[in-house]
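K.L.:
Got a predicted model here, sequence first, then my questions.
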Amino acid sequence: MTIALEEHLAHNTAAIEDMSKQMAEQWVAIRRLEAQVERLAGLVRSLDAGGGEAPEDMPPPHW
């Protein structure tokens, strides 16, 4: 019984360490994405403030 408990504890410890590592990686990704959203929001605000309309004779970007 002691061996089974030790194995169970070892598996749980490994699982917790894996989850902790994944959470840390996800927080890094979240921070990076938040910074990117802030940059994009600033760009949109600057375009709105500057009247960032395309000239009439300019084709749409997908052409």
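P.N.:
Now that the structure is in, tell me what you want to look at. Residues are numbered from 1 along each chain as shown.

K.L.:
Keeping just the C-alphas, turn stretch 37-46 into CSV.
P.N.:
Extracted in CSV, the C-alpha atoms of stretch 37-46 (Å, rounded to 0.1, in the frame of the first residue of the first chain):
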residue,chain,number,x,y,z
VAL,A,37,-4.3,44.8,-28.3
GLU,A,38,-3.2,48.1,-26.6
ARG,A,39,-1.0,48.9,-29.5
LEU,A,40,-3.8,48.2,-32.0
ALA,A,41,-6.3,50.2,-30.0
GLY,A,42,-3.9,53.1,-30.0
LEU,A,43,-3.5,52.8,-33.7
VAL,A,44,-7.2,52.8,-34.2
ARG,A,45,-7.6,55.8,-32.0
SER,A,46,-4.9,57.7,-33.9
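
K.L.:
Show me what counts as buried in that stretch.
P.N.:
By neighbour count on 16 or more other C-beta atoms under 10 Å, the buried set for stretch 37-46 is empty. (Each C-beta comes from the backbone N, C-alpha and C, glycine too.)

K.L.:
could you give the mean pLDDT of it?
P.N.:
Per-residue pLDDT over stretch 37-46 has a mean of 95.

K.L.:
what distance separates it from the centre of its chain?
P.N.:
From the chain centre to the centre of stretch 37-46 is a distance of 17 Å (C-alpha atoms, centre = their mean, to the nearest Å).

K.L.:
how deep is Leu47 tucked in, by neighbour count?
P.N.:
Neighbours of Leu47 under the rule other C-beta atoms under 10 Å: 11.

K.L.:
Sticking with Ser46, tell me its helix or strand.
P.N.:
Here Ser46 is covered by helix 2-49, with elements defined by DSSP states H and E.

K.L.:
before we move on, what about His62?
P.N.:
Going by DSSP H and E, His62 is not in any helix or strand.

K.L.:
and it, how many neighbours?
P.N.:
4.

K.L.:
how much space between it and Asp48?
P.N.:
Using C-beta to C-beta, to the nearest Å, His62 is found at 22 Å from Asp48.

K.L.:
likewise His11?
P.N.:
Using C-beta to C-beta, one obtains 54 Å as the distance from His11 to Asp48.

K.L.:
And Pro61, by the same measure?
P.N.:
18 Å.
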